[in-house]
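Undergrad: Pasted the sequence and its predicted model underneath.
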Amino acid sequence: MHHHDAVDLGLLFDLSPLPSLILSPSWRITRASARFLDEWHLSAEACVGQELLPFVQHQLSPSPVHLKFLTTAIDDAIAARAERTSRSMNTKRSVSWKARVIPVFKGDELLAVVTEWHEGPLSELNLIKDEEVRPGLSTDEAFRILVQAVKDYAIFLLDTTGHIATWNTGAELLKGYRRDEIVGKHFSVFYGKEDLDIKKPEMELEICMRDGRVEDEGWRYRKDGSRFWANVVITAVYKDGVHVGFGKVTRDLTERKSAESRLIAAYEESEKLKSDFLANMSHEIRTPMHGMLSACALLLDTTLSPRQRDIVGIMDESGQVLLQVINDILDYSKLASGSFSIHSDIVGITSIVTSVVRSVQTTLPPSVHFELFLAPDLPKSVQGDPLRYRQILHNIVGNAAKFTEKGSIRVRAGVQREDHDSYIVMTEVTDTGIGIPEAAAAGLFTPFTQFDATTTKQYKGTGLGLSIAKSLTELMGGSIGYRPNPDRHGSIFWFTARFKKIKSLEQIHDWKSKLIRKGDAMLAVPEADVISLRQELAEVAPIKSLLLVEDNVINQKVMLGLLRSLGFKNTALASNGSEAVNMVRNKPAAYDIVLMDINMPIMDGHQASRAIRDAGIRVPIVAMTAYALKGDRERCLEHGMNDYIPKPVDKKYLIKVLGKWLLHMKDYRKAFDEQMSKLRGYEALTLGPKGRVADRLEHLSLTIRGDERDASTGITPNASDKTAEETESLQPHGTQSSDDTINAVQPAARTEHEHTSSVVSSPRFEPLLPPVHIELLDSSAGVDLPVAEIIAITPAHNSQTSVKAADSGGDTGTSASGTTATTPLDPPFDSEKDTAEIPHEDVSTLPS
Amino acid sequence: MLKTDEDSDDERFFANMPDFGDHVDNAIFSQILEMDESDQERDFSEPLVTNFFEQADDTFKNMDRALAARDLNELSTLGHFLKGSSATLGFNKIRDSCQVVQQYGHKLTVEGVSEPDENVCLKKIAEALQTAKIDTAELEERMKKFFAGAE
């Protein structure tokens, strides 16, 4: 039995399907299986009796390193008395061989070493064997089982070139490939096209080789083409200091990713709700506030006892402050949430600056005067956000006014830099006010800070104004800053803003279509307002006299029909500009309003309006033109017109505009003459070397709109009214630049230089509003700031701040600036100045 | 919401408004009709519309002359002129053709892009003028019917 068995075993070895060699303890080949001889194409004689290592070296020609794999495996196996498998030895024949080494012991004596030979693909990697090669319970095995069993992570190995060498359950579950499908493929099959295009797989291995490790998050693709959001960690794997491949661990983060995007969506949704809420609130809060303030203004115009007037004045003032606070907070939250947008429109910097100065001027005590410097190179129109520019300037000028009790506030604007398609406009406001302590200067533009807690009580506000201005300037591509006024105590605030140059007609066409839409929105005034306005208009219409300037007979008829339907019976007609100018000049106080077509033969509406203004007549002129362009509107205003109606004329719009000028504006005849008479009265008393302010003012108010004193107009102001000095200075100054604003104003400015020390001489800045010596009037509280008053009446668009004129009938006493705290409660005139009141009395009898 | 005069006015006029198709902007034209003392005798709108067609006729004749004389400036002025009155009455199709005449008279396309070729301009103007004449004749017919019905 025993013998029989032994024979059988030898035969079994020979015939077994495993290619095997039996080695003596000295590693000499003692026996080779038939399969081995077959696979290695050898005869038994060629191998039996050979030393193993020279034999293998001869047969396979492995590198010394690879041959060492074999000796290591045999040494290990003998030392451990356990089975070992060598790493694959590459051969020159594009295959590799590895040997399973089984040492056979009898007691402590090594009898033989059995080696089984397995052919495989070329590989340097040989850590983990195929399953059929089952080593014993080594640590390697334990790790292998562990890795194999993990389901939540795809863990696998790549060879040094990135081909997949192993595959675990997690990988199979995650990626959908079975082991036999994927082993040997390149790992880039998991990547999408975009990643492949940028050679991400290669890059990752490269980085990994350099840094030892690389981590990435991104989309990876399954076998079925579906994708998942993966976190991938690749680690370079070394064995015995030799780089053998890469370990790759992939986690599926799709869940986390979608949670993230849900979070982002929720955040965006809440942001949107927030800004919607803000938009709604701003409307909901401001509307009743405006209602209340208008009611206050109306109440102030009624007969009130001094005490009542006092109380209403407080209501009004508090309301104004509250409105400002609300506006600030709403703006600030919009800026903070990033939902504040800058619009693109045509900006007339000159007119914005003058208009802001005018509106702030009304709130100043007489002890403060304004100086306005507009650089000659300031462009006429640019592209930007006019409202935001105005808001910033208004804030800074408003601050200056708030903190300045005497001295001056100087506003200057000019081009700081210019490039191919934009200007950087620098605007600077210098005051002689209380100034800012050095310590507080740093926090000036921080939200909710006011530079001195103690002043908070005295000066109202949210402390948001400057931080809003800062954000706005940044949105407009500029910056804002402060420095102390070096001349006297006070502050200098400056800001810059970038404006685009206006280049093409298309640009204007873009605006046109936008504006037409805007125009529609503007017309959507509440029906009830239009009706009540229409009723009010109907009451005054019979006593109002209108001039319609229109060349097209059809349009004439329609306008006359419209006006008649609103109750206007006295409408004179002119069929071109020059006719209109003659009619108005012949009867300077006859018309309550002029409706002026722009495009007419002989003389167009612009020229006609300039001629009327040049004649010193301040009748409101409303332009009518088919161009619904903002730029056109600005141009109309620049030519001395006050307002604008788009054609074809919409009845509701007409009602609005007529209501504004016939009901809500102080009568131009009364307002201007009243102030001029007062002034002349004072001048009569105090005429000194400074010349006659009234004359200069009159001249100034003609030119303040910056009308182009275009020689082709051929109309000059009535020279007989001027002093010799002024007539002289009205002569054109050589052939200077044609810049309208500055040239038109220069005459007044020149004379001013001689008299007023406070004008800063600068080659770049010419004063537009000469600092007329208001100190002359300081003693008379009754005359509230003639400059401001006169200027405020002439122009157009601060109508929203205008106060309803008493009624067009008779009241002479009420100041137009009802919103200031002082005017309604002004003390009566000093008795010594009473003589000055005589012309004032005359004024009240003027026809209206 | 309170029922106002204005509302009922509008409704009345819109209700009476015949369909002028895209020839007429009803909102504007109803404003004109509103100025009549009564719906029966349209003593404001009817002579006005008649005047307009006379004016259009004259203008077209002037345009023909200017076209023959290749006087682009004059064409532009005439285009602007008739554009004004047609827009006032809400006669949009005529207005649009006049706009074309005005623009090309300034050597500009309708989009405001420069068109330096005078021949192209004159050709475009001639086309627009032709369209304007056809539209005007058609609208005149419809208006006559409308006013005849109103009486």
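TA: Yes, it's here. Residues are numbered from 1 along each chain as shown, chains lettered A, B, ... in the order given.
Undergrad: Isn't A:Val249 up against A:Asp152?
TA: No: at 10.5 Å, A:Val249 does not count as touching A:Asp152 under the criterion of C-beta atoms under 8 Å. All C-beta spots, glycine's among them, are computed from the backbone N, C-alpha and C.
Undergrad: With neighbour numbers in mind, choose between these two.
TA: Between A:Val249 and A:Asp152, counted using other C-beta atoms under 10 Å in any protein chain shown, A:Val249 has the larger neighbour count: 19 against 11.
Undergrad: residue contacts, the more buried one?
TA: A:Tyr153, A:Ala154, A:Ile155, A:Val232, A:Val233, A:Ile234, A:Thr235 (C-beta atoms under 8 Å, 6 or more residues apart in numbering or on different chains).
Undergrad: and the fourth one, that one's in a strand?
TA: Yes: per DSSP: H, G, I helix; E, B strand; the rest coil, A:Val232 lies within a strand segment.
Undergrad: Kindly state the beta-bridge partners for it.
TA: A:Asp216, A:Thr250 (DSSP bridges).
Undergrad: Quick one: low-confidence residue ranges for chain B.
TA: B:1-18, B:150-151 (pLDDT under 70).
Undergrad: what packs against the helix ranked longest in it?
TA: In chain B, taking DSSP state H as the definition, the longest helix is helix B:118-150. The criterion is 3 or more C-beta pairs under 8 Å, 6 or more residues apart in numbering or on different chains; DSSP states H and E, and the helices and strands that helix B:118-150 contacts are helix B:45-68, helix B:72-89, helix B:92-105.
Undergrad: need the residues of chain B near chain A, please.
TA: B:1-2, B:4-7, B:28, B:31-32, B:34-35, B:44, B:48, B:51-52, B:55, B:77, B:80-81, B:83-85, B:87-90, B:108, B:111-113 (C-beta under 8 Å from any C-beta of the partner chain).
Undergrad: of the contacts of A:Val249, closest to chain B?
TA: Nearest to chain B out of the contacts of A:Val249 is A:Val232 (C-beta to the nearest C-beta; 54.0 Å).
Undergrad: Next up, the contacts around the residue minimising distance to the centre of chain B.
TA: In chain B, the C-alpha nearest the mean C-alpha coordinate belongs to B:Ser86, at 2.9 Å (C-alpha atoms, centre = their mean). Residues in contact with B:Ser86 (C-beta under 8 Å, 6+ apart) are B:Phe52, B:Ala56, B:Asn92, B:Ile94, B:Arg95, B:Cys98.
Undergrad: before we move on, what about B:Phe44?
TA: A:Gly561, B:Ile32, B:Met35, B:Asp36, B:Glu37 are the contacts of B:Phe44 under C-beta under 8 Å, 6+ apart.
Undergrad: B:Phe44 versus the fourth one, what's the distance?
TA: The reference is to B:Asp36. For B:Asp36, the distance to B:Phe44 equals 5 Å [C-beta to C-beta, to the nearest Å].
Undergrad: The first one too?
TA: Between A:Gly561 and B:Phe44 the computed distance is 6 Å (C-beta to C-beta).
Undergrad: got any residues that touch both of these two?
TA: Shared contacts of A:Gly561 and B:Phe44, defined by C-beta under 8 Å, 6+ apart, are found at B:Ile32, B:Met35.
Undergrad: And the furthest pair within the contacts of B:Phe44?
TA: Within the contacts of B:Phe44, B:Ile32 and B:Glu37 form the most distant pair, 13.1 Å apart (C-beta to C-beta).
Undergrad: So for these two, which sits in the more crowded spot?
TA: B:Ile32 (22 against 9).
Undergrad: Show me which positions of the helix or strand in which that one is found end up buried.
TA: Element membership for B:Ile32 (DSSP states H and E) is helix B:26-34. Using 16 or more other C-beta atoms under 10 Å in any protein chain shown as the test for burial, helix B:26-34 gives B:Ile28, B:Phe29, B:Ser30, B:Gln31, B:Ile32, B:Leu33, B:Glu34.
Undergrad: Same question for stretch A:436-444.
TA: A:Ile436, A:Ala440, A:Ala441, A:Gly443, A:Leu444.
Undergrad: can you check stretch A:378-388 too?
TA: For stretch A:378-388, burial by neighbour count (16+ other C-beta under 10 Å) applies to A:Leu378, A:Pro379, A:Lys380, A:Ser381, A:Val382, A:Gln383, A:Gly384, A:Asp385, A:Pro386, A:Arg388.
Undergrad: What of stretch A:287-299?
TA: For stretch A:287-299, a neighbour-count test (16+ other C-beta under 10 Å) marks A:Met289, A:Leu293, A:Cys296, A:Ala297, A:Leu299 as buried.
Undergrad: Mind pulling the model confidence for the fourth one?
TA: Per-residue confidence (pLDDT) for A:Ala297: 80.
Undergrad: Verify the assumption that it is located in a helix.
TA: Yes: assessed by three-state DSSP, A:Ala297 belongs to a helix.
Undergrad: shouldn't it be in contact with A:Asp316?
TA: Yes: counting by C-beta under 8 Å, A:Ala297 does reach A:Asp316; the two are 6.8 Å apart.
Undergrad: Name the residues of stretch B:46-53 that are buried.
TA: So, applying 16+ other C-beta under 10 Å, buried residues of stretch B:46-53: B:Glu46, B:Leu48, B:Val49, B:Phe52, B:Phe53.
Undergrad: With stretch A:234-249 instead?
TA: By neighbour count with 16+ other C-beta under 10 Å, stretch A:234-249 contains the buried residues A:Ile234, A:Thr235, A:Ala236, A:Val237, A:Val244, A:Gly245, A:Phe246, A:Gly247, A:Lys248, A:Val249.
Undergrad: Okay, the fourth one and A:Asp310: tell me how far apart.
TA: Spelled out, that is A:Val237. 90 Å.
Undergrad: where in the stretch 451-600 of chain A is pLDDT low?
TA: Low-confidence segments of the stretch 451-600 of chain A, defined by pLDDT under 70: A:451-463, A:488, A:503-528.
Undergrad: where exactly do the strands run in it?
TA: A:480-484, A:491-500, A:545-549, A:570-574, A:593-597 (DSSP state E, counting those that start in this stretch).
Undergrad: Please identify the most buried of the ones you listed.
TA: Greatest average neighbour count among the strands of the stretch 451-600 of chain A goes to strand A:593-597 (a mean of 26), per mean count of other C-beta atoms under 10 Å in any protein chain shown.
Undergrad: What strands line up against that one, and which way round?
TA: strand A:545-549 (parallel), strand A:621-625 (parallel).
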